[in-house]
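> Return atomic coordinates for the entry below.
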Amino acid sequence: MWYYSSQIKLLFSVQTAQGEGEELIRTLASVLDKNASTVDWTLIDVKLPNEKIKIYVVTYVTQKYLAFDDISVDYCDGQLPPPPKVLYTCDFESSCSNDFVTLPAYQYKWLISSASEARQIESSAPIVDYTFGNSSGHYAFVPVSHIVDKGKVGYMHLEKQFQVTFQESYCLNFQYYAYPASSNSFLRIYSWASDGSKAIGFLWPEDKSGHHITSGRWGWGIINLPVGNYSFLFRVDTYDTSAYSFALDNIAIISCDYPPTTNSYNSLLSFSCNFDNLTMCEMINDKNSTFNFTAFTGETIPDQELGPTRDHTHNSTSAGFLYWNQNLPVSTNDKGGVYLSKKIEQNTNMCIRFAYYIKSKLVNKNTTLIRLSSDESSSKVLWYQLFDDSQGWQIVIVPLTNVASAITYSFEAYRLDPTLTAVAFDDIEIDQCSSIITTTTSTSTTTATSTSATTTTTTTTTSTSTSTTTTTLHNNAHQLFSLNICSLIIYYFLFHIFRHFF
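Next up is the predicted model:
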């Protein structure tokens, strides 16, 4: 490339970009100055990498003149660059298609088929694949038109494990097709930790590339892969009832010339903890807590009279649970909160299931409020209960809102009377509702009948024991207390006293 300028300072740079949204950019050469005594055409040669790239000339001239001529890309003298290393490639035309599975628990299912077959299932799917550019070529896609709804998702898992080290960088290249448009549906790519956990890390798209998602044609996506050992998840989710979706083709992991990066596993597909190893499963106490939550057993709790003396999971004195650890003196301003350190990738038909235990020194005073909240919208309250005695362990299942978003959940306790109260949680599980809903069971033959004030619209009478399981299948966070005639006045005053918590 030849250039001509009378400018002496910084002139221009030659850069390469990769990806439809220019996800990866690097500078190959910069012209910083020019010999002022030589006003003539000057040749610049730039050696290009052995990769698929876009070439940009970025100018910095603010005055005087800069001109270019005879720009060409051709073979150059010298040693050829080494060919890129291919770690993995799949165009869905061979047995590599077996490396991809759709996760069955989610509403949308990925399919791999020829373009002609895909069009029979989804009329707006790509007419041709990327590999061959014809209707007999294959790709992966997510048919949504007949079941589309807000918050639904579909995951495709590339089950092979890949290890990327600091010694050599690799990039994930892929072709994507948004149909019939790119609005109101989203394609996201995650790394899935290979340690057997449900932890995932968000990889693509970045904010800048997310605004350049193409539709109606095949587009190129690329990710500079972080160091680590992981597999990949490809997700499509919908924002509303618009039947928009994505297809994928030509997935390849190839060496690339970028510095190594790192990535945090900040989200979870699901969460489950029974506290049996006496850790908090990476749950964190809220900094505003008066007293913190800690993992205890029935043998180690400070007040054996209040309990619980056994956990919920095994009905054992030596197994763990999450306990609100309090010390005298106590006051009506005391509170405690604990939240998940990682966000949950929430979607349609998810539930939270957990066991709770409450027992107060005072009887019939309703001294303690517990609640489940999220950061979905200004600390949204999902569920709450007001108790002085839960009559042993109780289980609740709370359906979550139908949104596709990463959300944090917290469990909270509030003291409403200056007296010691035992508060404990156990067997916390956040997953698709179909995976965690169970039937009501009783674990003890010694039972007592009690009427408890809940947030449902009808009074519920349950047979309870030292460890009782009851199932709640509706979200009662926004409903009134169930009242009978005798307790109406009492609850009216309680409502006005405690309304500031909500």
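
> Quick check: beta-bridge partners of the residue nearest to residue 271 when sequence neighbours are not counted?
Distances taken as Cβ to Cβ, 6 or more residues apart in numbering place residue 430 nearest to residue 271, at 4.3 Å, with adjacent residues excluded. Backbone N, C-alpha and C define where each C-beta goes, glycine included. With DSSP bridges as the criterion, residue 430 is bridged to residue 271, residue 352.

> Let me see the contact set for residue 430.
268, 270, 271, 272, 344, 350, 351, 352, 353, 409 (Cβ atoms under 8 Å, 6 or more residues apart in numbering).

> tally of neighbours for residue 30?
Using other Cβ atoms under 10 Å, residue 30 has 13 neighbouring residues.

> swap that for residue 428, sorry
24.

> show me what contacts it?
Taking Cβ under 8 Å, 6+ apart, one finds 271, 272, 273, 281, 322, 352, 353, 354, 411 in contact with residue 428.

> Restrict the helix or strand hosting it to CA atoms and write it as PDB.
Assigned by DSSP states H and E, residue 428 belongs to strand 421-432. What follows is strand 421-432, C-alpha atoms only, in PDB (Å, rounded to 0.1, in the frame of the first residue of the first chain):
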ATOM      1  CA  THR A 421     -35.700 -17.300  67.900                       C
ATOM      2  CA  ALA A 422     -34.300 -20.200  66.000                       C
ATOM      3  CA  VAL A 423     -34.300 -19.700  62.200                       C
ATOM      4  CA  ALA A 424     -32.800 -22.400  59.900                       C
ATOM      5  CA  PHE A 425     -32.800 -23.300  56.200                       C
ATOM      6  CA  ASP A 426     -31.900 -26.600  54.600                       C
ATOM      7  CA  ASP A 427     -32.100 -28.400  51.200                       C
ATOM      8  CA  ILE A 428     -32.100 -25.300  49.100                       C
ATOM      9  CA  GLU A 429     -32.600 -26.200  45.400                       C
ATOM     10  CA  ILE A 430     -33.100 -23.900  42.400                       C
ATOM     11  CA  ASP A 431     -33.900 -25.700  39.200                       C
ATOM     12  CA  GLN A 432     -36.600 -26.400  36.600                       C
END
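
> what sits up against the next helix-or-strand element following that strand?
Downstream of strand 421-432, the first helix or strand assigned by DSSP H and E is helix 433-436. Here helix 433-436 makes contact (Cβ under 8 Å, 6+ apart) with 105, 270, 349, 350, 351, 353, 397, 399, 429.

> if we can go back for a sec, and the contacts of residue 428, which are buried?
271, 273, 322, 352, 353, 354, 411 (16 or more other Cβ atoms under 10 Å).

> If we only consider the residues you listed, which is nearest to residue 297?
residue 322 (11.4 Å; Cβ to Cβ).

> mind putting the contacts of residue 430 in JSON lines, distance to residue 146 and pLDDT included?
Shown next, in JSON lines, are the contacts of residue 430 (distance: Cβ to Cβ, whole Å; pLDDT from 0 to 100):
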{"residue": "268", "distance to residue 146": "30", "pLDDT": "98"}
{"residue": "270", "distance to residue 146": "27", "pLDDT": "97"}
{"residue": "271", "distance to residue 146": "31", "pLDDT": "97"}
{"residue": "272", "distance to residue 146": "32", "pLDDT": "96"}
{"residue": "344", "distance to residue 146": "28", "pLDDT": "97"}
{"residue": "350", "distance to residue 146": "22", "pLDDT": "97"}
{"residue": "351", "distance to residue 146": "25", "pLDDT": "97"}
{"residue": "352", "distance to residue 146": "29", "pLDDT": "97"}
{"residue": "353", "distance to residue 146": "30", "pLDDT": "97"}
{"residue": "409", "distance to residue 146": "32", "pLDDT": "96"}
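
> What segments of the protein are helices?
Along the chain, counting by DSSP state H, helices occupy 115-121, 207-210, 433-436, 488-498.

> check contacts around residue 12.
3, 30, 31, 57, 58, 59, 60, 61, 66.

> Bridged to it, which residues?
residue 31, residue 59.

> Show the pLDDT at it.
The model reports residue 12 with a pLDDT of 87.

> Likewise for residue 39?
Predicted confidence (pLDDT) for residue 39: 69.

> same check, this time on the one 3 residues further on
We note a pLDDT of 85 for residue 42 in this prediction.

> just to revisit the earlier point, which stretch in the helices of the chain is the model least sure about?
The bottom spot among the helices of the chain, by mean pLDDT, belongs to helix 488-498, with a mean of 41.

> Run a quick neighbour tally on residue 40.
For residue 40, using other Cβ under 10 Å, the count is 8.

> isn't residue 3 right up against residue 46?
No. Applying Cβ atoms under 8 Å, one finds residue 3 not in contact with residue 46, separated by 11.7 Å.

> more crowded one of the two?
residue 3 (20 against 15).

> in stretch 336-346, what counts as buried?
Buried residues in stretch 336-346 (16+ other Cβ under 10 Å): 336, 337, 338, 339, 340, 342, 343, 344, 345, 346.
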